[in-house]
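A.B. asks: okay, here's the prediction I keep looking at, along with the sequence it came from:
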Amino acid sequence: MKLLLLGFGTVGQGFVQILRDKAHDLQARYDFAPRIVGVATRSRGILYCANGLDPAALLEAIKAGSLEHYPESAGLARDWSVERLISESGAEVLVDALPTDLVTGGASLPYAFAAIDAGMHLVFASKGAVAVGYDDLMRRSRAAGTRVLFEGSVMAGTPSLRLGMQALAGCTITAARGILNGTTNYILTAMEAGRSYADVLAEAQKLGYAEADPTADVDGWDAAGKAIIVSAALFGKPLALDQMDVHGISGLTAADIDAARASGERWKLIAHVTPEGGSVMPVRLPLSHPLANVSGTTNAITLTTDLLGDVTLIGAGAGGVQTGFAVLSDLIDLQRIIFKSAK
Ligand SMILES: NC(=O)c1ccc[n+]([C@@H]2O[C@H](COP(=O)([O-])OP(=O)(O)OC[C@H]3O[C@@H](n4cnc5c(N)ncnc54)[C@H](OP(=O)(O)O)[C@@H]3O)[C@@H](O)[C@H]2O)c1
């Protein structure tokens, strides 16, 4: 399977680390032998090699500062544009690990459309293109006979989308409730232990859990972007950001936390989607609720089904290798559905 990797930051590198470390196992157990023929960054170089790029050498190069440090080899090109990689590399799958833009979809969307036109399957770790352009992506990929997978865009490698779309196929899912943002859950967990909002936010920024500009997390927009994707995956109907009721946690005070505790409850920032609509807001949950006991940066999702009742999945919501695994799981799925059946 020939891959084109757009974005070689935390997630791109996490994915390539997995390929470096597990190549033998992946080949032996899944007959999965991907070949990265192109890698693109914004400011740290672009590489193309028809014979495939070496994962270990890619990681060494980026560790040294840029892809310029990748060793010379036969057929290596350093001067291609992303557009040229998409149209001429012959890659079968485009892996998007580009920054998320929930307003326009960012660079991901035009690249995705060009990739579909070139006959490529798409695997997204980023959220923007899926949240903004889901209908168009699906329509165009269906017409082209290609697939669009995006497990990593919600809860990293924890298979929140695959749970609803595959493991629970046959059930009717009527609602999903999730803790989909690790930063806010980390802050709420620490506030519960008596710390102030401002103090914990500053610590989360220092630890790299929260961005310098934390608004996307604390005001609920990151969780809302993921809720849109969950609704698209489960109900085939992406919500629009402006159709959702979105509130963050910045207004929660120590008194609010104490009042919930006194009633045997706990505040959580809950993304809630049904076939009718969606919201993100702080909610007081009884301690007996599975989501009430999800602490720190961990994420979780509860799907309400007709045949099984509530099913809750808890796991990592971020991290390079954790999200790299989501990309891997989508590629193994593609291998099973497309490449195996074509053999
Ligand atoms: N990090 C996580 O835990 C996590 C979890 C789930 C989902 N995600 C999603 O995964 C995506 C990637 O996250 P990340 O943490 O890996 O981000 P990151 O570390 O900031 O890496 C982004 C990469 O994209 C490159 N890039 C930016 N604009 C580009 C363009 N126009 N053309 C080509 N390359 C471009 C950057 O180039 P430079 O190297 O030159 O800056 C960088 O290599 C995001 O959408 C994020 O929301 C992340």
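C.D. replies: All right, it came through fine.
A.B. asks: next, the residue in the stretch 51-200 of the chain that the ligand sits nearest to: secondary structure please.
C.D. replies: Closest contact between the stretch 51-200 of the chain and the ligand, by CB to the nearest ligand atom, is at Ser126 (3.0 Å). Every C-beta, even on glycine, is put in place using the N, C-alpha and C of the backbone. Of the three states, Ser126 takes coil under DSSP: H, G, I helix; E, B strand; the rest coil.
A.B. asks: correct me, but it touches Thr100?
C.D. replies: Yes - with contact defined as CB atoms under 8 Å, Ser126 reaches Thr100; the gap is 4.8 Å.
A.B. asks: and for the residue of the stretch 51-200 of the chain closest to the ligand, the neighbour number?
C.D. replies: Using other CB atoms under 10 Å, Ser126 has 27 other residues around it.
A.B. asks: mind checking how far it is from Gly45?
C.D. replies: 20 Å (CB to CB, to the nearest Å).
A.B. asks: still on that earlier bit, next one: the residue of the stretch 51-200 of the chain closest to the ligand, what pLDDT does it get?
C.D. replies: pLDDT, Ser126: 96.
A.B. asks: mind listing what it touches?
C.D. replies: Gly7, Asp96, Ala97, Leu98, Pro99, Thr100, Gly106, Ser108, Ser153 (CB atoms under 8 Å, 6 or more residues apart in numbering).
A.B. asks: any idea how far the third one lies from Lys226?
C.D. replies: Translated: Ala97. Counting by CB to CB - Ala97 and Lys226 are separated by 16 Å.
A.B. asks: equivalent analysis for the fourth one, please.
C.D. replies: For Leu98, the distance to Lys226 (CB to CB) stands at 17 Å.
A.B. asks: look at the residue of the stretch 201-343 of the chain found nearest the ligand and tell me its secondary structure.
C.D. replies: Residue nearest to the ligand within the stretch 201-343 of the chain: Ala318 (3.3 Å; CB to the nearest ligand atom). Classification of Ala318 by three-state DSSP places it in coil.
A.B. asks: wait, it sits on Ala156?
C.D. replies: Yes - contact criterion CB under 8 Å: Ala318 and Ala156 qualify, at 5.4 Å.
A.B. asks: which one's more surrounded, those two?
C.D. replies: Each of Ala318 and Ala156 has its neighbours counted (other CB under 10 Å); Ala156 has more, 26 against 19.
A.B. asks: the more buried one - that's part of a strand, no?
C.D. replies: No - secondary structure of Ala156 (three-state DSSP): coil, not part of a strand.
A.B. asks: residue contacts, it?
C.D. replies: Contacts of Ala156 by CB under 8 Å, 6+ apart are Asn299, Gly315, Ala316, Gly317, Ala318, Gly319, Gln322, Thr323, Phe325, Ala326.
A.B. asks: again, but for Ser295
C.D. replies: Counted by CB under 8 Å, 6+ apart, Ser295 has contacts Asn185, Thr189.
A.B. asks: how near is it to Ser329?
C.D. replies: 25 Å.
A.B. asks: and Glu192, by the same measure?
C.D. replies: 33 Å.
A.B. asks: quick one, phi/psi of the closest residue to Thr158 other than its chain neighbours?
C.D. replies: Nearest residue to Thr158 in three dimensions, chain neighbours excluded: Gly315, at 3.1 Å (CB to CB, 6 or more residues apart in numbering). Taking degrees, to the nearest 10, you get phi 180, psi -170 for the backbone angles of Gly315.
A.B. asks: tell me how many other residues crowd Gly315.
C.D. replies: For Gly315, using other CB under 10 Å, the count is 16.
A.B. asks: Leu303 belongs to a strand?
C.D. replies: Yes - counting by three-state DSSP, Leu303 is found in a strand.
A.B. asks: read off the pLDDT value for it.
C.D. replies: Leu303 is given a pLDDT of 98.
A.B. asks: quickly find the element holding Pro187.
C.D. replies: Wrong residue type there; residue 187 is Ile, not Pro. helix 182-192 (DSSP states H and E).
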